[in-house]
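Chemist: fold the stuff below for me.
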Amino acid sequence: MDSKIRAEARLAVRREHLDGFLTRLEGWSRRILQQLADKASPPIHSSELESEWHDLLEQFKHDALPVDRDILEQNVGADAYDNAVFVHQARLAGIGTKRILRAISDYYRAFVQRSCWMREELVLVDELEGYERLLREEWELQFDRLADEIGQAAAENVMRSAAQKIYAWVENSCYPIRPKVREPSMTRGSFHILANSLKVGWHPEFMHRLQHLLEAQVTS
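Modeler: From the prediction side, this is the model:
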């Protein structure tokens, strides 16, 4: 990375986040070079470079976090998650194949992005734990409300209908870990991360019916 660019970035980004900022800027620069190599591509104007610089700076402020384009654009192989607990959770709720594929994509995005934030110390353990506590509390309100509505002796079709309502609520939820992290797959994927350890669930009897999956993971 050019020393002049690094010097300018050092004035704009906290020292501990400088490498992460420059790595993302360098990744964008490589895409520019690839575009320049394609003579059919439209020209890149200086205003675009300036816009990218400022957009990236915004993502490194205290109320934001970078959401990496390569993670969002990654094609995820569904077969690797076929026996994942969060996939079993969706099937128990009667969720269709296409929506399960979306759940897998969201899980991957949130898991990889959160791991990246942790590795670069953009997010600390306490903040992530607080975020998950918020998600669990919001889920609990929805789960308990529907449990009260259907009662303890509900038929299977009634329980599945309730599960689908909770799942739809998750799909429409957006609880950003920081105010300016507005990528909805981070919220949905974080719910699926919690569902993967049975900390949240959709079907009223999810814990009773799926506990054996976690026990099998521990003993394997």
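
Chemist: domains for this structure, by residue range?
Modeler: Structural domains annotated on the chain: 3-59, 74-219, as defined by automatic domain parsing.

Chemist: now the first one: mean pLDDT?
Modeler: Over the span of domain 3-59, the pLDDT mean works out to 61.

Chemist: pick the most deeply packed of the domains of the chain.
Modeler: Neighbour counts (mean count of other C-beta atoms under 10 Å) averaged over each of the domains of the chain peak at domain 74-219, with a mean of 16. Just so you know, the C-beta spots here come from the backbone N, C-alpha and C atoms, and that holds for glycine as well.

Chemist: that domain: how far from the chain's middle?
Modeler: Computed by C-alpha atoms, centre = their mean, to the nearest Å, the chain-centroid distance of domain 74-219 equals 11 Å.

Chemist: can you lay out the domains of the chain as a markdown table showing distance to Asp68?
Modeler: Below are the domains of the chain laid out as a markdown table (distance: least, C-beta to C-beta, whole Å):
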| stretch | distance to Asp68 |
| --- | --- |
| domain 3-59 | 7 |
| domain 74-219 | 7 |
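
Chemist: what mean pLDDT does the helix or strand encompassing Ser161 get?
Modeler: Here Ser161, judged by DSSP states H and E, is contained in helix 156-171. Helix 156-171 shows a mean pLDDT of 97.

Chemist: repeat for stretch 105-120
Modeler: Across stretch 105-120, pLDDT averages out at 96.

Chemist: what does it contact?
Modeler: Residues outside stretch 105-120 that contact it (C-beta atoms under 8 Å, 6 or more residues apart in numbering): 17, 19-20, 65, 67-68, 71-72, 74, 76, 81, 84, 86, 122-123, 125, 128, 183, 185-186, 188-190, 192-193, 196.

Chemist: and Leu72, how many residues sit next to it?
Modeler: Leu72 has 14 neighbours, counted by other C-beta atoms under 10 Å.
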